[in-house]
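Asks: this one's structure only:
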């Protein structure tokens, strides 16, 4: 157990819908990272938050957004869902502001868009 | 565009065989390199990392990786695999402080 929790474990929804994925980092970690893992693209970095502020952006679509709350949990919002958004979404955390430090990954949320 | 290539998608070995998983990246500047592992049903976890210094890096569970700058490679090795090494292995390159690029992963199956 990495100490990072993600809910829900599975999510099935329809195209055009909006969903919210939730991540709670390890106790004391200030950084949260979101990744998307799909069969054809592998594991892609989406976005990082550090202590409530956006720190870095990767290949995140405009239809996706994230935020980190004062209690440091984070939510990833996916809207206008398309079939291609079906993937495993991972959250990771670490205590530093950068990826130089080991990231601790959650178990992931599997999103299926029908 | 920066990329990380893991050419082996699925590797099947018998116990005690030697392992080498390839990782190549396309970036000309200073890089920091990682190998992460995901055991069945578990979360991704760090196996080893290279920032600078000795290009031969030792990780957990007997794994090591060698950074060869001229070949843009960071291959993962283990002299003798065990059934418990069955997992998916991801190579990653850190560009800047925060942008971690992962390869598509290599699934290793070790047959007892």
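Replies: Okay, I see it. It should be emphasised that the depicted structure is a prediction, and the values quoted were computed from it without experimental measurement. Numbers count the residues shown, from 1 in each chain, chains lettered A, B, ... in the order given.

Asks: Who does the residue most central in space within chain A form a beta bridge with?
Replies: Residue closest to the mean C-alpha point of chain A, counted by C-alpha atoms, centre = their mean, is residue A:34 at 3.1 Å. On the basis of DSSP bridges, residue A:34 is bridged to residue A:47, residue A:91.

Asks: Name all residues that make contact with it.
Replies: Listed by C-beta atoms under 8 Å, 6 or more residues apart in numbering or on different chains, the contact partners of residue A:34 are A:23, A:45, A:46, A:47, A:48, A:60, A:66, A:74, A:76, A:89, A:90, A:91. From N, CA and C alone the C-beta is placed, and that goes for glycine too.

Asks: between the residues you listed, which is nearest residue B:9?
Replies: Residue B:9 lies nearest to residue A:90 out of the contacts of residue A:34, by C-beta to C-beta, at 19.8 Å.

Asks: what's the spacing between that closest one and chain B?
Replies: Residue A:90 sits 7 Å away from chain B, going by C-beta to the nearest C-beta, to the nearest Å.

Asks: show me what contacts that residue?
Replies: Taking C-beta under 8 Å, 6+ apart, one finds A:6, A:34, A:35, A:36, A:37, A:43, A:105, A:106, A:108, B:44 in contact with residue A:90.

Asks: and chain A, which residues reach chain B?
Replies: Counting by C-beta under 8 Å from any C-beta of the partner chain, chain A comes close to chain B at A:1-2, A:4, A:33, A:35, A:41-45, A:48, A:55-56, A:58, A:90, A:92, A:97-100, A:102-108.

Asks: can you rerun that using 6 Å?
Replies: Within chain A, the positions near chain B by C-beta under 6 Å from any C-beta of the partner chain are A:2, A:42-43, A:45, A:48, A:55-56, A:58, A:98-99, A:102, A:105, A:107.
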